[in-house]
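Q: What shape does this take:
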Amino acid sequence: MHFCTLFRFRLITLMKLPNAHLATVPIDKILGYLLSPTHPRGKSKATFFRNLGFDESAPESLATELTRHAMENDVLHETVTEFGVRYVIDGWICSANGQRARIRTAWFIDHGQEIPRFVTAHPIRGRRR
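A: As a prediction, this is how the structure comes out:
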């Protein structure tokens, strides 16, 4: 086995987001960021999520799906910062209209806290079913 392959294998450990069942996804972040066609960084995400059938009439459906995504998928990597730990998760989401798409989400747990808070989500291009 090649050294780099072995090295990478040892770095990858399967783990879930700690306390994923407590994860929070603020509705105002969904409305003002992920579904906002005018947000400078969120407008392309808004197009993506709206094409999946998520919209401002039921933002809690996207919040629920993002939370499910965090609970069911493994953490891809974590980064410890001076403020806490950032977790990145890749996996599939399902929309109300039956489409599936692969997304990457980021979550953050502040030092001294236990509750993961939603940071962002974006599509992993070319991975829609």
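Q: ok, Leu76 - how many residues close by?
A: Neighbours of Leu76 under the rule other CB atoms under 10 Å: 14. To be clear about C-beta, it is placed using only N, CA and C from the backbone, and glycine gets the same treatment.
Q: Was I right to think it contacts Asp90?
A: Yes: between Leu76 and Asp90 there is a contact under CB atoms under 8 Å: 5.2 Å.
Q: Spatially nearest residue to the residue nearest in space to the middle of the chain, not counting backbone neighbours?
A: In the chain, the C-alpha nearest the mean C-alpha coordinate belongs to Thr105, at 1.9 Å (CA atoms, centre = their mean). Residue nearest to Thr105 in three dimensions, not counting chain neighbours: Ala121, with 4.5 Å by CB to CB, 6 or more residues apart in numbering.
Q: just to revisit the earlier point, so what sits against both of Leu76 and Asp90?
A: Arg104 (CB atoms under 8 Å, 6 or more residues apart in numbering).
Q: which residues in this protein form strands?
A: Along the chain, the segments classed as strands by DSSP state E run 75-80, 84-94, 100-110, 117-128.
Q: show me what contacts Pro34?
A: In this structure residue 34 is Leu, not Pro. Neighbouring residues of Leu34 by CB under 8 Å, 6+ apart: 42, 45-46, 49, 62, 121.
Q: Minimum pLDDT in the residues you listed, which residue is that?
A: pLDDT across the contacts of Leu34 is lowest for Gly42, at 79.
Q: what's the distance between the nearest residue to that residue once chain neighbours are set aside and Glu78?
A: Spatially, and ignoring its direct neighbours in sequence, Gly42 is nearest to Tyr33 (4.3 Å; CB to CB, 6+ apart). Distance check for Tyr33 against Glu78: by CB to CB, to the nearest Å, it reads 23 Å.
Q: With distance to Leu66 added, can I get the strands of the chain in TSV?
A: Shown next, in TSV, are the strands of the chain (distance: least, CB to CB, whole Å):
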stretch	distance to Leu66
strand 75-80	15
strand 84-94	7
strand 100-110	6
strand 117-128	6
